[in-house]
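[1] coords below, sequence missing:
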Ligand code: HPA
């Protein structure tokens, strides 16, 4: 039985939108994770707060591998995550939702793969389609039904953080083709890809990026906008879950077919899943 997971980003910490919720922990080969098990309309849902309880983990210290490993172990086949983003695209305004379909990786010091030697196969994940088109479509359909403005497509630049960007950096990222900027989607999307989990993220534009906005961004500003959008956001997640069949076979579930699949490619570690 496939399971849907929701990874809540900045401003999205509350699993109470789901039913029958139960807080749990798991030990993975990469460390411990805390998550909530629940359900919605008869479907099992796992909720994981990316920044930990009370937003205690900064973007560059999130244990992305433990999170994705844990979700895989729980039988997750589809992840819908959320990300707060700044916008570099005049058409993507604060308050809008965006389904990014490409990323630029400007992170510097993160563990970005499960395939780090140690008896595992040498794996080169293809990232032509890092964000599942099928899951993005389900989210777009849900948004349309709810009359929520959403842009399906966009390039996200992931910075190392935790500081915000300089206006000069944003100018450069614009020239490189970025539409949105955030600090967490890489390596999360890459690890989900390696783990053969279909992944999409709902980005909420909280601000125009540095130098585009005339004022210096504060974290509180991001939190305030997320709070304002939280009802819309919850409705969108729940409607999306209704539309997703976690038992549907998707191309993302076979991304490591060339290597015999995720589990086989992990060698002896695959037995831990
Ligand atoms: N930069 C980086 N991360 C962000 C931003 C931003 O402008 N807004 C929300 N998350």
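    Everything's here; your move. Note that this is a predicted model, so its numbers are computed, not measured.

[2] what's next to the helix or strand hosting residue 72, contact-wise?
    In the assignment (DSSP states H and E), residue 72 maps to helix 64-73. Helix 64-73 is contacted by residues 5, 7, 26, 28-33, 35, 46, 48, 50, 79, 110-111, 114, 187-188, 191-192, 194-195, 197, 262, 273 when judged by CB atoms under 8 Å, 6 or more residues apart in numbering. For every residue, glycine as well, the C-beta is placed using N, CA and C.

[3] same check on stretch 252-259?
    With CB under 8 Å, 6+ apart as the contact definition, stretch 252-259 has outside contacts at 77, 121, 123, 125-126, 129, 132, 134, 193-194, 196-199, 261-262, 265.

[4] and with 6 Å instead?
    Contact with stretch 252-259 is made by 121, 123, 132, 193, 196, 198, 262, 265, as judged by CB atoms under 6 Å, 6 or more residues apart in numbering.

[5] any of those residues buried? List them.
    The neighbour-count test (16 or more other CB atoms under 10 Å) applied to the contacts of stretch 252-259 identifies 123, 132, 193, 196, 198, 262, 265 as buried.

[6] closest one of the residues you listed to residue 178?
    residue 193 (20.0 Å; CB to CB).

[7] residues in contact with the residue of the stretch 51-200 of the chain found nearest the ligand?
    At 2.3 Å from the ligand, residue 86 is the closest residue in the stretch 51-200 of the chain, using CB to the nearest ligand atom. Residues counted as contacts of residue 86 (CB under 6 Å, 6+ apart) are 181, 207, 209.

[8] quick check, pLDDT for it.
    With respect to pLDDT, residue 86 scores 97.

[9] try residue 41
    Residue 41 is assigned 94 on the pLDDT scale.

[10] find the nearest non-adjacent residue to it, please.
    Using CB to CB, 6 or more residues apart in numbering and skipping the chain neighbours, the partner closest in space to residue 41 is residue 242 (6.0 Å).

[11] ok, now residue 97?
    Nearest one to residue 97, counting by CB to CB, 6+ apart, is residue 150 at 4.3 Å.

[12] what's the answer for residue 75, then?
    Distances taken as CB to CB, 6+ apart place residue 3 nearest to residue 75, at 4.6 Å, with adjacent residues excluded.

[13] flag every buried residue along the lowest-mean-pLDDT helix or strand in the chain.
    Between all helices and strands in the chain, the lowest mean by mean pLDDT, DSSP states H and E belongs to helix 219-243, at a mean of 90. Residues 222, 225-226, 229-230, 232-233, 235-241 are the ones in helix 219-243 that count as buried (16+ other CB under 10 Å).

[14] and the end-to-end length of stretch 120-139?
    End-to-end span of stretch 120-139 (CA to CA, to the nearest Å): 35 Å.

[15] got the residues of the stretch 151-273 of the chain near the ligand?
    Residues of the stretch 151-273 of the chain lying near the ligand by CB under 6 Å from any ligand atom: 164-165, 181-183, 206-207, 209, 217, 222.

[16] do that again at 5 Å, thanks
    181-182, 206, 209, 222 (CB under 5 Å from any ligand atom).
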